[in-house]
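1. this is the structure alone, sequence omitted:
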């Protein structure tokens, strides 16, 4: 089997890949909103929308895998299963939130997942966040409080769904960190989409609602678009510096807002803009700090200590 080929570093290409990925990710939330409302017929349950995402996503990823034939590591199966449970739960809750509140707000709340992952890393990975990371978390959480609108008397159910989605996606991030130590990126996509298909099928079948022809096309577009977005996202991270590329991922909020305004006429109010801005500030500050920490960890030591290991 040929060895794994690492693409040459190119920050400009990486940025282009990430911008394209964010545009497609925003399309998936737009399609989920159309499927969860009456745009294409009777609204489909969120678990059924997630089933379509995994069905057609798995078909796309397996078609690529049939050509590249990556090696799968069965020893990681339990971790992949845990990752899929967290990812499936997060995606399903996000799709439900997208049908209930403006896409920009639902997307912004899910950007809390790196902040929540930071909290989880304290007990699980023994990490000790510094003052900059704590400050970034405080800013992002303040934005989340604004989007939850507690002063209105009733917290928006859609915002709570998006917050729950962020919690599950944060757990998924922790599992992915564990998996990337010894698993190829394409292999993780295969496991995620195939196991996600099994889980989503089991969840969708009991209350199955026959989709219309338009809804089947939208489900197919949702799955294929998500698979392509994953591939672009992975390529962006593989080709560029994380500290440079990660901020471009926040453009998904811009695309989601533009799509929502153009097709549904939904424009967030001043509170929505303020909350989203705070979450973006906190997430961007956290990404910048993580990039600085990685650069410091990769800097050459002043004195040689031990010979470097060859990548496996």
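-> Ah, there it is. Note that the coordinates shown come from a computational prediction; the quantities given were computed from them, not determined experimentally.
2. now do the buried residues in stretch 131-140.
-> By neighbour count on 16 or more other CB atoms under 10 Å, the buried set for stretch 131-140 is 133, 136-137, 139-140. Every residue, glycine included, has its C-beta placed from N, CA and C.
3. likewise stretch 51-62?
-> Taking 16+ other CB under 10 Å as the criterion, stretch 51-62 shows 51-58, 60-61 as buried.
4. would you format these as CSV with pLDDT, distance to residue 234 and secondary structure included?
-> Converted to CSV, the buried residues of stretch 51-62 look like this (pLDDT from 0 to 100; distance: CB to CB, whole Å; DSSP: H, G, I helix; E, B strand; the rest coil):
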residue, pLDDT, distance to residue 234, secondary structure
51, 95, 23, helix
52, 94, 22, helix
53, 93, 17, helix
54, 94, 18, helix
55, 95, 21, helix
56, 95, 18, helix
57, 92, 14, helix
58, 93, 16, helix
60, 91, 14, helix
61, 91, 11, helix
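5. pick the one among those residues closest to residue 105.
-> Distance to residue 105 across these (CB to CB) is lowest for residue 53, with 20.8 Å.
6. doesn't residue 218 make contact with that closest one?
-> No - with contact defined as CB atoms under 8 Å, residue 53 does not count as touching residue 218 (10.6 Å).
7. rewinding a little: among the buried residues of stretch 131-140, which are in helices?
-> 133, 136-137, 139-140 (DSSP state H).
8. just the endpoints, please. Distance across stretch 63-82?
-> Length of stretch 63-82, first residue to last, CA to CA, to the nearest Å: 24 Å.
9. pLDDT for the ones in helices among the buried residues of stretch 131-140 - can I get that in JSON lines?
-> Converted to JSON lines, these look like this (pLDDT from 0 to 100):
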{"residue": "133", "pLDDT": "72"}
{"residue": "136", "pLDDT": "74"}
{"residue": "137", "pLDDT": "74"}
{"residue": "139", "pLDDT": "79"}
{"residue": "140", "pLDDT": "73"}
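10. mind listing what residue 28 touches?
-> Counting by CB atoms under 8 Å, 6 or more residues apart in numbering, residue 28 touches 53, 222, 225-226, 229.
11. who wins for most neighbours among these?
-> Highest neighbour count within the contacts of residue 28: residue 53, with 30 neighbours (other CB atoms under 10 Å).
12. which intervals of this protein have sub-threshold pLDDT?
-> Applying pLDDT under 70 to the chain picks out residues 1-9, 113-115, 118, 121, 124-127, 147-156, 180-181, 237, 240-247, 286-312.
13. which residues in it form helices?
-> Assigned helices in the chain, in chain order: 11-36, 46-68, 77-100, 103-110, 113-125, 131-148, 157-179, 185-204, 213-239, 242-245, 251-264, 270-298 (criterion: DSSP H).
14. most neighbours per residue, which of those?
-> helix 103-110 (a mean of 30; mean count of other CB atoms under 10 Å).
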